[in-house]
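1. Sequence first, predicted model second:
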Amino acid sequence: MSINRRALLGAGLAAATLPLIRAEAAAPMIGRGAPAWYRFKFGDYEATVVSDGSLPLGKAEDAFVGARPGEINAMMRANFLDPANAVLEQNALILNTGRQLILFDTGMGDSMGADSQMFGPTTGRLIRNMRAAGIEPSQIDLVILSHAHCDHCWALVDANGNRNFPNAQVAVTEADLKYWTDEGNIRGPAFMGPFIRGATKNLNAYRDRMMMVQDGREVVPGITAISAPGHTVGHAIYAITQGNNTMVYTGDLAHHQVLLLRRPLLEFSFDTDPKQSAQTRARALERFATDRTMLLSYHFPWPGLGRVSKEGEGYAWMPAPMDVTSLG
């Protein structure tokens, strides 16, 4: 069915003949959004995705590099996205296995003062959204980190250095723990200083309760680490298995649902090793598309659940339908 201009004008004229209803009292603007959390069943597990808020990167062509001139902006516009501001989501997963309450990544938090708002004031909302979802930070038994960047571990402690998750262990790869707590690595891009100081403050607060993640091994029953290096030296993703169900929490394997799926070999400006990261991403996406694996992406559009399918030389993001009746 096509809708032409004449039909639209006709509809408008017809509507103009209806009686007008005058509103005498204007409702006040509320000025705040709803708490962002989404709950669903995963086999016998209960899963809750909790938002840490949106993370604006600024110009897309500054953050995603390696394309032909104008290509990044064209891809953004073709998908009704603003090339001047590539905005990522932050979708942290909380998994209730019946034995443990497990949080995957923590968001930005407020532990580093002004540096905690280096991407603007829309981040750092994990704790309040957890509470809105009925989960207290003290209930978390284990925090599993995909890596030690600011938007994934800086909410381990609060602004005073106190543990936000006082009863939790923290699981991270040894490679990331060593790299991001070594001040000798403060070199290169300007963000390296705050990134390393923030990781050191947050990770050192849990030194007495660390678990070292190892490739191909279970962190706890049902959750297996998969090495995915490049974004950081020890970046890991996690396969979550319950019965016949498998879902992969992909961390920062791919930051953008269009740019890094359509063009997996593009590079991202915050990667420690951009070329290794691109190769890791390309291999993983091919596997996920072939196996039709359910994914939970930390940075894809809310709530980050979906699958990837082959599309031309790259892939397309296929969001999973949100079931409004699913425990939410």
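-> That came in fine, so what should we check first?

2. Just the buried residues of the strand or helix carrying Leu203, please?
-> Leu203 belongs to helix 192-204 when elements are defined using DSSP states H and E. Residues of helix 192-204 classed as buried: Pro194, Phe195, Ile196, Arg197, Gly198, Ala199, Lys201, Asn202, Leu203 (neighbour count, 16 or more other C-beta atoms under 10 Å). Where you see a C-beta, it was placed from the backbone N, CA and C, and this is true even at glycine.

3. cool, stretch 110-129 as well?
-> Taking 16+ other C-beta under 10 Å as the basis for neighbour counts, the residues of stretch 110-129 that come out buried are 110-112, 115-116, 118-119, 123-127, 129.

4. and if you look at stretch 311-328?
-> If you call a residue buried by 16+ other C-beta under 10 Å, then stretch 311-328 has these buried ones: Gly314, Tyr315, Ala316, Trp317.

5. out of these, which are inside strands?
-> Helix and strand membership here follows DSSP state E; of the buried residues of stretch 311-328, those in strands are Gly314, Tyr315, Ala316, Trp317.

6. which stretches of the stretch 201-328 of the chain have low pLDDT?
-> Within the stretch 201-328 of the chain, the stretches falling below the threshold (pLDDT under 70) are 324-328.

7. Save the buried residues of stretch 110-129 as TSV, and put in pLDDT too.
-> Formatted as TSV, those follow (pLDDT from 0 to 100):
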residue	pLDDT
Asp110	96
Ser111	97
Met112	96
Asp115	93
Ser116	95
Met118	93
Phe119	95
Thr123	97
Gly124	97
Arg125	97
Leu126	98
Ile127	97
Asn129	97
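
8. what residues are up against Leu261?
-> Contacts here follow C-beta atoms under 8 Å, 6 or more residues apart in numbering; on that basis Leu261 touches Ala254, Leu285, Val308, Glu311, Gly314, Tyr315, Ala316, Trp317.

9. Met247: which of these is nearest?
-> Val308 (13.3 Å; C-beta to C-beta).

10. Give the closest residue to the closest one in space, chain neighbours not counted.
-> Ranked by C-beta to C-beta, 6 or more residues apart in numbering and with sequence neighbours excluded, the top spatial neighbour of Val308 is Tyr315, at 4.4 Å.

11. bridging residues for that neighbour?
-> Listed by DSSP bridges, the beta-bridge partners for Tyr315 are Lys310.

12. OK, contacts around it?
-> Residues in contact with Tyr315 (C-beta under 8 Å, 6+ apart) are Leu261, Arg262, Pro264, Leu285, Ala289, Val308, Ser309.

13. residues in contact with Lys201?
-> By C-beta under 8 Å, 6+ apart, Lys201 lies in contact with Ser111, Met112, Val157, Gly161.

14. Of the residues you listed, which pair is most distant in space?
-> Maximum pairwise distance among these (C-beta to C-beta): 10.5 Å, between Met112 and Gly161.

15. residue ranges of the helices in the stretch 51-200 of the chain, please?
-> In the stretch 51-200 of the chain, the helices defined using DSSP state H, counting those that start in this stretch lie at 60-63, 71-78, 126-132, 150-153, 174-180, 192-204.

16. Ala205: how many residues sit nearby?
-> Neighbour count of Ala205, defined by other C-beta atoms under 10 Å: 19.

17. Find the nearest non-adjacent residue to it, please.
-> Residue nearest to Ala205 in three dimensions, not counting chain neighbours: Val157, with 4.8 Å by C-beta to C-beta, 6+ apart.

18. confidence score at that neighbour?
-> You'll see Val157 listed with a pLDDT of 98.

19. How much space separates it from Leu142?
-> In this structure, Val157 and Leu142 are separated by 16 Å, where distance is defined by C-beta to C-beta, to the nearest Å.

20. What residues does the nearest residue to Glu183 once chain neighbours are set aside make contact with?
-> If you skip the residues right next to it in sequence, Glu183 has Ile196 as its closest partner in space, 6.1 Å away by C-beta to C-beta, 6+ apart. Residues in contact with Ile196, defined by C-beta under 8 Å, 6+ apart, are Trp180, Thr181, Asp182, Glu183, Asn185, Ile186.

21. tell me the phi and psi of the residue nearest in space to the middle of the chain?
-> Among the residues of the chain, the smallest C-alpha distance to the mean C-alpha position (C-alpha atoms, centre = their mean) belongs to Tyr298, namely 1.9 Å. Here is the backbone geometry of Tyr298 (degrees, to the nearest 10): phi -60, psi -40.

22. circling back: would a markdown table of the ones in strands among the buried residues of stretch 311-328 with distance to Gly304 be doable?
-> What follows is those, written out as a markdown table (distance: C-beta to C-beta, whole Å):
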| residue | distance to Gly304 |
| --- | --- |
| Gly314 | 19 |
| Tyr315 | 16 |
| Ala316 | 16 |
| Trp317 | 10 |
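
23. OK, contacts around Arg287?
-> Thr293.

24. Mind checking what helix or strand follows the helix or strand containing it in sequence?
-> With elements delineated by DSSP H and E, Arg287 resides in helix 274-291, which encompasses its position. Next in sequence after helix 274-291, counting helices and strands by DSSP H and E, comes strand 294-296.
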